[in-house]
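Student: I'd like to go over a predicted model; first the sequence, then the structure.
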Amino acid sequence: MPRINILYKFSIQLFIITLIVIMAMGIIITNYIISYYFQEIMMRRELKMTADFVQTHAQNWLEPENFLPPFTDDTQAKFSKVFHGIVTIRDVVSLKVYDARATIIWSDRRELIGKNFMQNKEYQQAMKGEPVIVLEPIRRVDHAYLAELHTHLLEVYVPITLDAKSKTVSGVLATYKTATSLMGDIKKGKTIIWVVSLGAGLLLYILVFIMFYRGYKKEEIMTNNLYRLNEELSSFNRIAIVLSSSLDINTILHDSMEKTLNVLHKGAGRIFLLDETSNELVLAAHKGLPDDVVSAFKRVKVKEGILKDVIDGKKPLLMPEMEGHYCVKRFMPADINTWACATIPIMSMDKVLGIMEIMCPGGGCNLPMESQELFSAIGHQIGDAVAKCNLFKEIKDMKENLENLVEERTRQVIQMEKLSSIGEIMGEIAHQINNPLVGVLNFAQLALRKIDEGQPIREEVETIEKAGTECKDIIQRLLTFSKKSRFEKSREDINCILNEGIALVERQFNLKGIIVEKKYAEELPKVMIDATLMRQAFFNLINNARQAMPNGGELTIATSAVSNPSYVRWVEIRISDTGVGIKKENLPKIFTPFFTTKREGEGIGLGVFVVHNIIKRHTGDIHVESEEGGGTTFIIKLPI
């Protein structure tokens, strides 16, 4: 992997750089500390301690006159006794004692006794009462004899003040020390410094590496997140293109299912749409599922469990395994017992329209929690597309309904205009015919009174009277049709109105052997109707049923209150007979005025048309079900 190579390469480079930095730091720190601290501070401190010791030792054992000539053997013996102990101090290699005239009056190097070194600047400075410490290499003639033994000595010039009151310098004691033990300490110091430097460098390397590694991991996480976001955005766009390509809901669901599986690189999935009426999920699209699983999931009741949790929570639910899911446990084949799954709500405007499930047969499905936002976005996108399709379908259906309604209303207007014209003509014709017809009927009835029974002419006069009566009845219907009756509504009991209609033809039913069966609903809600018009409508339908059963039969009249789960909407009346029925091609014409299948003289085709108009005036609905030879049923619905 490129990232591992980069990390390895950085580790090697960082180690080399750190090693170089450690060496440079060790050299710089060692030189600085050794040259300054040890050579300047520690040496001076040690030599200062030596000077203090010499001063104190001389004050305890010597007198001022010991530094004045003549210097006898006793004086030399005393000097040897006093200063010989100083020579034995660690690292002290030589000792000289000067008098006030710069003459060496005692030394462990006897060849130097009696020599004068007035030009010695350190001596001159020490005679002023200040100790002098010299760290430079030996460079003067008076020191040359020591060069064979040591290449580098440390000098200390100690003023000897024996009179505490006058503080007069009686002489100067010069000691020469090697740096052997001091160099050992310095070497140890260097070792410690190098160890500390290496430790600090290693710690620095670890800290820098940790900082880099943390930055590297953050960059890796950010890169992965950016890559994932780009991939999700690209996937989202691809699905959006599919969703915007059609307005057919079936095409949308199948294409979106397929595209989602392709984008997520998954093998199976399905989409359910929610049926709010039955509270069931209806399978609308699927891919990659076994046939037995598809058939088992045609409709799924929404109850406790995953489906209800997703619908109620309105957010995706990611599952590493679906084993134990009540649907899977119940319906999945025995050899497919583990399905990884994401259950995604399909939503629009915060309303759940269905769910989509993404599955992987046999497990091994990697659905990270970070994908939850992508799944939620896909669910909303599909939901918006479904809502758009539903809205388009509603608009399309509404358009078709409006077109049909406009067509129907146009047809009705044309029909009403025709009927209005016909009504006016018929009314005028009826009036013109009715007057002479009254005279014909009156003269026929008068003639019948004067003609005795059994005379041949009486039969012809009775025929005239019968034909005139039928003609009068037709004229009366035409006059009724041509006039607009008043419409007065009141709350009435439909069962009572039906009973009144049956009573008008009950005698004819008995004569023809027609059995009437009443299936009235108890406590039927009353309906706002015009009782007179509704009585006429029911009578027309009942009388038509009587005429359809010339050889007897059964008439069933049923009433019921039709309701949905929330409230009662209408009263339904069913009038069914076992008569001759209506031909299929005649059913669309049954409510057309002047359409009739009766023989000439039995009707003019206005009865059912009048019933239709009465029901429509009550904002109700009427339709007919019939088969030729199988009877007829008129179904009437009246709003409560």
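Tutor: Structure received.
Student: Tell me who's in contact with Ile569.
Tutor: Actually, residue 569 is Arg. It isn't Ile. If you count contacts by Cβ atoms under 8 Å, 6 or more residues apart in numbering, Arg569 has them with Val562, Ser563, Pro639, Ile640. Every C-beta, even on glycine, is put in place using the N, C-alpha and C of the backbone.
Student: scratch that, Ala58
Tutor: By Cβ under 8 Å, 6+ apart, the contact set of Ala58 is Val82, Ile160, Leu162, Leu173.
Student: Looks to me like it is in a helix.
Tutor: Yes: with DSSP: H, G, I helix; E, B strand; the rest coil as the criterion, Ala58 is assigned to a helix.
Student: For it, give its distance to Pro64.
Tutor: 11 Å (Cβ to Cβ, to the nearest Å).
Student: overlap in contacts of these two?
Tutor: With Cβ under 8 Å, 6+ apart as the test, Ala58 and Pro64 both reach Leu162.
Student: Packing partners of the helix of greatest length in the chain?
Tutor: Looking across the chain with DSSP state H, the single longest helix is helix 372-450. Where contact means 3 or more Cβ pairs under 8 Å, 6 or more residues apart in numbering; DSSP states H and E, helix 372-450 is packed against helix 180-243, helix 249-264, strand 339-348, strand 351-361, helix 456-482.
Student: Out of the contacts of Ala58, list just those in strands.
Tutor: If you go by DSSP state E, those have Ile160, Leu173 in strands.
Student: so which of the contacts of Ala58 is the most crowded?
Tutor: Leu173 (25 neighbours; other Cβ atoms under 10 Å).
Student: looking at it, that residue is touching Thr161, isn't it?
Tutor: No: using Cβ atoms under 8 Å, Leu173 is not in contact with Thr161; the gap is 11.1 Å.
Student: so what's His286 up against?
Tutor: Met257, Ala268, Gly269, Arg270, Ile271, Val294.
Student: Shouldn't the fifth one be within a strand?
Tutor: Looking back up the chat, that one is Ile271. Yes: assessed by three-state DSSP, Ile271 belongs to a strand.
Student: can you pull up the bridge partners for it?
Tutor: When assigned by DSSP bridges, Ile271 has beta-bridge partners Ala285, Met356.
Student: Report the separation between it and Ile252.
Tutor: Distance from Ile271 to Ile252, by Cβ to Cβ: 10 Å.
Student: any shared contact partners between these two?
Tutor: Ile382.
Student: among the helices and strands packed on helix 372-450, which is nearest Glu400?
Tutor: helix 249-264 (16.9 Å; Cβ to Cβ).
Student: Grab the CA positions of that closest one and hand them over as PDB.
Tutor: Written as PDB, here are the backbone C-alpha positions of helix 249-264 (Å, rounded to 0.1, in the frame of the first residue of the first chain):
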ATOM      1  CA  ILE A 249     -44.100   4.600 -10.000                       C
ATOM      2  CA  ASN A 250     -43.400   0.900 -11.000                       C
ATOM      3  CA  THR A 251     -40.500   2.000 -13.300                       C
ATOM      4  CA  ILE A 252     -39.200   4.400 -10.600                       C
ATOM      5  CA  LEU A 253     -39.200   1.700  -7.900                       C
ATOM      6  CA  HIS A 254     -37.600  -1.000  -9.900                       C
ATOM      7  CA  ASP A 255     -34.900   1.200 -11.400                       C
ATOM      8  CA  SER A 256     -34.100   2.800  -8.100                       C
ATOM      9  CA  MET A 257     -33.800  -0.600  -6.500                       C
ATOM     10  CA  GLU A 258     -31.500  -1.800  -9.200                       C
ATOM     11  CA  LYS A 259     -29.400   1.400  -9.100                       C
ATOM     12  CA  THR A 260     -29.100   1.400  -5.300                       C
ATOM     13  CA  LEU A 261     -27.900  -2.200  -5.300                       C
ATOM     14  CA  ASN A 262     -25.300  -1.400  -8.000                       C
ATOM     15  CA  VAL A 263     -24.100   1.600  -6.200                       C
ATOM     16  CA  LEU A 264     -23.700  -0.200  -2.900                       C
END
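Student: Helix 372-450 and that helix, what's the angle between them?
Tutor: Computed with axes from the mean of the first three to the mean of the last three Cα atoms, to 10 degrees, the direction of helix 249-264 lies at 170 degrees from that of helix 372-450.
Student: what's near enough to touch Val92?
Tutor: Thr50, Ile86, Thr175, Tyr176, Lys177.
Student: if you set the cut-off to 10 Å instead, what comes out?
Tutor: Thr50, Ile86, Asp108, Leu154, Val156, Thr175, Tyr176, Lys177, Thr178 (Cβ atoms under 10 Å, 6 or more residues apart in numbering).
Student: Apart from its neighbours in sequence, what residue is nearest Gln372?
Tutor: Ranked by Cβ to Cβ, 6 or more residues apart in numbering and with sequence neighbours excluded, the top spatial neighbour of Gln372 is Pro316, at 5.3 Å.
Student: Got phi/psi on that neighbour?
Tutor: When read as degrees, to the nearest 10, the backbone of Pro316 gives phi -60, psi 150.
Student: how much space between it and Cys341?
Tutor: 10 Å.
Student: one step back: and the contacts of Val92, which of them are in strands?
Tutor: Leu154, Val156, Thr175, Tyr176, Lys177.
Student: Dig out what the fourth one forms beta bridges with.
Tutor: So that's Tyr176. The partner residues for Tyr176, given DSSP bridges, come to Ser94, Glu155.
Student: From Pro345, how far out is it?
Tutor: From Tyr176 to Pro345 the distance is 98 Å (Cβ to Cβ).
Student: Of the two, which one has the most company?
Tutor: Between Tyr176 and Pro345, counted using other Cβ under 10 Å, Pro345 has the larger neighbour count: 26 against 23.
Student: give the contact list for that one.
Tutor: Per Cβ under 10 Å, 6+ apart, neighbours of Pro345: 274, 307, 310-317, 351-356, 375-376, 379-380, 382-383.
Student: Mind checking which of the residues you listed are buried?
Tutor: Using 16 or more other Cβ atoms under 10 Å as the burial test, the contacts of Pro345 include 274, 307, 310-311, 315-317, 352-356, 375-376, 379-380, 382-383 as buried.
Student: Give me the phi and psi angles of Pro290.
Tutor: Torsion angles, degrees, to the nearest 10, at Pro290: phi -60, psi 150.
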